[in-house]
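Colleague: Got a predicted model here, sequence first, then my questions.
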Amino acid sequence: MSATGELGPVETILKDLPFNTRSEGTLTVSPAGRLIFETSGQRSGNQAIEGSARLWELDPAEPAQPHPIASGLKNAYAHTFDTARRLWITDVHDDRVNDEAPPDELNLWIEGADFGWPPCFGYQQPALNYGGTAESCAATRSPVVLFPPHSTPTSVVASPWEENTLLVALWGPPEQAVVRVPFTLVDDNAVGQVEPFVSGMQNPQHLLLLPDGSLLASDFSAGVIYRLNRASSN
């Protein structure tokens, strides 16, 4: 890789990251100025290979020493911090479990959380074809909400208009929409529900909050970027 113009040399920060051929997801900067990134889940038998299926934190002062902060994530594609500095993660699942397509997830992070992949899926359910058991899955961290199989949540942000509400872009069928997820905190986790918000999109891909309180939403297949504003009270 090379750069032209006024850029200096391109520096490799990390290399040889585990990769499952689908995606390495998005990059997020934490409120503390640290990089949050994933290594997508690769499986050997019933286990994730070493270093994969994890969420990482990287201190710019120590770029060669990333720190794993969560495990058991197949494709932790999108992440965001809300105004309370809570970290939310979407997880895209595609390996069939118990002869069915698994749901996708929205998760609330805590330090060292194990979200269960590959032997567990959904609300701590055992994937019998990957050696999951009810006992072992009960020790994993439960999702906040589930999305239908193949929804592919590609972006998540805290709603700029409502407290304790997230907005999630669902790329694939059956939704292909931006949904809202109001949630209630319960101990160190949360429970929520999925509600309609913006429909009629082809492949919503990315959500971005602007300083003025509006929201940008990109639609990959339509080749469009939409701007959403809070409805006037007048």
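Modeller: Looks like it came in fine.
Colleague: now stretch 218-225: mean pLDDT?
Modeller: On average, the pLDDT along stretch 218-225 is 97.
Colleague: Would you map the helices across this structure?
Modeller: 134-137 (DSSP state H).
Colleague: in it, which residue is closest to the centre?
Modeller: T90 (2.4 Å; CA atoms, centre = their mean).
Colleague: Look up the closest residue to that one, ignoring the ones flanking it.
Modeller: The shortest distance from T90 to any non-neighbouring residue, by CB to CB, 6 or more residues apart in numbering, is to P153 (3.8 Å). The way it works is simple: take the backbone N, C-alpha and C, and place the C-beta from them, glycine included.
Colleague: neighbours of the one you found, just the number please.
Modeller: Applying other CB atoms under 10 Å, we find 26 residues neighbouring P153.
Colleague: doesn't P103 make contact with it?
Modeller: No. The pair P153 / P103 is not scored as a contact, 10.5 Å apart, by CB atoms under 8 Å.
Colleague: and for these two, which residues touch both?
Modeller: Jointly contacting P153 and P103 under the rule CB atoms under 8 Å, 6 or more residues apart in numbering are F147.
Colleague: What sits closest to P204 if chain neighbours are left out?
Modeller: The nearest residue in space to P204 (CB to CB, 6+ apart) is A169, at 4.0 Å.
Colleague: gap between the residue nearest to T90 and G25?
Modeller: To G25, P153 is 11 Å away according to CB to CB, to the nearest Å.
Colleague: Low-confidence regions, this structure specifically.
Modeller: Residue ranges of the chain with pLDDT under 70: 1-5, 232-234.
Colleague: how far does the lengthiest strand in it sit from the chain's center?
Modeller: Of all the segments of type strand in the chain, defined by DSSP state E, the longest one is strand 177-186. Centroid separation for strand 177-186 versus its chain: 14 Å, with CA atoms, centre = their mean, to the nearest Å.
Colleague: That one pairs with which strands, parallel or anti?
Modeller: Here strand 177-186 has these sheet partners by DSSP bridges: strand 165-170 (antiparallel), strand 189-192 (antiparallel), strand 195-198 (antiparallel).
Colleague: Give the buried residues for the longest one.
Modeller: Counting neighbours by 16 or more other CB atoms under 10 Å, one finds that the buried residues in strand 165-170 are T165, L166, L167, V168, A169, L170.
Colleague: again, but for stretch 122-140
Modeller: Of the residues in stretch 122-140, those buried (16+ other CB under 10 Å) are G122, Q124, Q125, P126, A127, Y130, G132, C137, T140.
Colleague: Reformat those as JSON lines; add distance to R96.
Modeller: Shown next, in JSON lines, are those (distance: CB to CB, whole Å):
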{"residue": "G122", "distance to R96": "13"}
{"residue": "Q124", "distance to R96": "18"}
{"residue": "Q125", "distance to R96": "13"}
{"residue": "P126", "distance to R96": "14"}
{"residue": "A127", "distance to R96": "9"}
{"residue": "Y130", "distance to R96": "10"}
{"residue": "G132", "distance to R96": "13"}
{"residue": "C137", "distance to R96": "17"}
{"residue": "T140", "distance to R96": "19"}
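Colleague: Great, nothing more from me.
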